[in-house]
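Q: heads up, no residue letters with this:
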């Protein structure tokens, strides 16, 4: 068994989303004693943002790619392979200015590859990755769940579903910037929800 842990909190070990993702990974490891946790740290190992050069590289047949294009495609291929190799995924996702971190968006852009992770059919787009559970540790400074300000939940579900990952489960820790008591309660509840998520 292999768990892919994706981190996108800019404050590293002090990011609440990272704390929760690590808590999840530790609980998963306890339940899977022979399991392996692979960490993809998008802050310390930033993924390049999408640009025209990368798009052109993705669209060029392998036999016609330049060395530069092949290097760009190989980076994307490696990220996609990590997803394929994992049996489950946990993502630490903070909310910055009502959206996902720019580092996570850049990562998603590297995963969206026509003919590799999705394809267009006569019935519309179809994801090509094998489905597996994706657990999203969503930490927010304020209260957003179920409100118009929560742009993350639908975006993440839509994107992951587009590439074939439909089993997406959220654990929320909200109000972590609304005082020590609110933060403590939010983290405590989130840790309980993590254990429940792993049981289901």
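A: Cool, got the structure. These numbers were taken from a predicted model, which means no experiment stands behind them.
Q: What are the boundaries of the strands in this structure?
A: 2-7, 36-41, 88-94, 118-121, 124-127, 134-140, 168-174 (DSSP state E).
Q: would you list the ones you listed in CSV and tack on distance to residue 80, mean neighbour count and mean pLDDT?
A: C-beta here means a position set from N, CA and C on the backbone, and glycine is covered the same way. Formatted as CSV, the strands of the chain follow (distance: least, C-beta to C-beta, whole Å; neighbours: other C-beta atoms under 10 Å; pLDDT from 0 to 100):
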stretch, distance to residue 80, mean neighbour count, mean pLDDT
strand 2-7, 11, 22, 98
strand 36-41, 12, 16, 97
strand 88-94, 13, 25, 98
strand 118-121, 11, 12, 95
strand 124-127, 12, 12, 94
strand 134-140, 15, 26, 97
strand 168-174, 18, 20, 96
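Q: Residue 68 is nearest to which of those?
A: Comparing the strands of the chain by their distance to residue 68 (C-beta to C-beta), the top pick is strand 36-41, with 23.6 Å.
Q: returning to that earlier point: of all the strands of the chain, which lies closest to residue 74?
A: strand 36-41 (16.0 Å).
Q: And the closest one, what does it pack against?
A: Contacts defined by 3 or more C-beta pairs under 8 Å, 6 or more residues apart in numbering; DSSP states H and E place strand 36-41 against strand 2-7, helix 16-31, helix 67-85.
Q: rerun that using 7 Å as the cut-off
A: strand 2-7 (3 or more C-beta pairs under 7 Å, 6 or more residues apart in numbering; DSSP states H and E).
Q: How about residues contacting the strand it packs on?
A: 18, 21, 25, 28, 35-43, 82-83, 85-92 (C-beta atoms under 7 Å, 6 or more residues apart in numbering).
Q: Sweet, I'm off.
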